[in-house]
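[1] Just to be clear, the model below is a prediction. Sequence and coordinates:
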Amino acid sequence: MMEKDSMDMQGEDTVQATQLVEAARQAALNAHAPYSRFAVGAALLMRDGTIVTGANVENASYGLSLCAETVAVATASAAGRLREIVAVGVIGGAMDADGRPTGTSPVSPCGRCRQVLNEAAQMSGRDLPVHCGAAVGDAIRSYRVSDLLPDAFGPADLGMA
Ligand SMILES: O=c1ccn([C@H]2C[C@H](O)[C@@H](CO)O2)c(=O)[nH]1
């Protein structure tokens, strides 16, 4: 797999990653993914320590489905909190018969979600950590938004500070 090297973490960052991955796992249980049967959960750590979550919402058109990360960022934005995001956790995996995501390899955000996360990073003024966890087990790969979307098209390209 071609992916930029993930960050090495220690101490507090590891706690943050573990907490966000666990919240993302909980969120993924609410995925509406009857077509792909692939559940994704996303968790946003906010400046005040609270967590905003999202899960993927598919629909019968397939292609117009909403990703977990996008749902989470939209939820924070709708509450007037787009600028308050400080870290992100994501998990995903093929659902078992009970609708629980499975798999021991981390998944990382799709291309569209990377652009959405870049907007959150720009608005928060932080190169947000993105902790990508496995549905099951301890595997976590952590990145920065700028690792996932280098040379991003962003507000500066539209002449905005
Ligand atoms: O970053 C991603 C990648 C995929 N999905 C969802 C979309 C679809 O519902 C399912 C399979 O692609 O996973 C997400 O929620 N986030």
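    Structure's in. What do you need?

[2] Quick check: phi and psi on Arg141?
    Dihedral pair for Arg141: phi -120, psi 130, per degrees, to the nearest 10.

[3] ok, it - contacts?
    Glu3, Ser6, Pro106, Ser108, His131, Cys132 (CB atoms under 8 Å, 6 or more residues apart in numbering). For the C-beta atoms, the positions are set from N, CA and C on the backbone; glycine is no exception.

[4] Kindly report the same for Ser36.
    So Ser36 contacts Glu58, Ser65 (CB under 8 Å, 6+ apart).

[5] per-residue confidence at it?
    Residue-level confidence at Ser36 comes out at 98, pLDDT.

[6] What is the three-state secondary structure of it?
    coil (DSSP: H, G, I helix; E, B strand; the rest coil).

[7] returning to what we had before: ok, which pair from the contacts of Arg141 is furthest apart?
    Glu3 and His131 (14.2 Å; CB to CB).

[8] So for the two, which residue has more residues nearby?
    Taking other CB atoms under 10 Å, Glu3 and His131 do not tie; His131 has more neighbours (29 against 12).

[9] The more buried one belongs to a helix, doesn't it?
    No. Under three-state DSSP, His131 falls outside any helix and is assigned strand.

[10] what sits opposite it in the beta ladder?
    Beta-bridge partners of His131, counted by DSSP bridges, are Gly89, Ser142.

[11] So Ala74 lies in a helix, does it not?
    Yes. Applying three-state DSSP, one finds Ala74 inside a helix.

[12] How about the contacts made by the nearest residue to it once chain neighbours are set aside?
    Nearest non-adjacent residue to Ala74, counting by CB to CB, 6 or more residues apart in numbering: Gly54, 7.4 Å away. Residues near Gly54 by CB under 8 Å, 6+ apart: Ala27, Gly41, Ala42, Ala68, Glu69, Thr70, Val71, Ala72, Val73, Ala74, Thr75.
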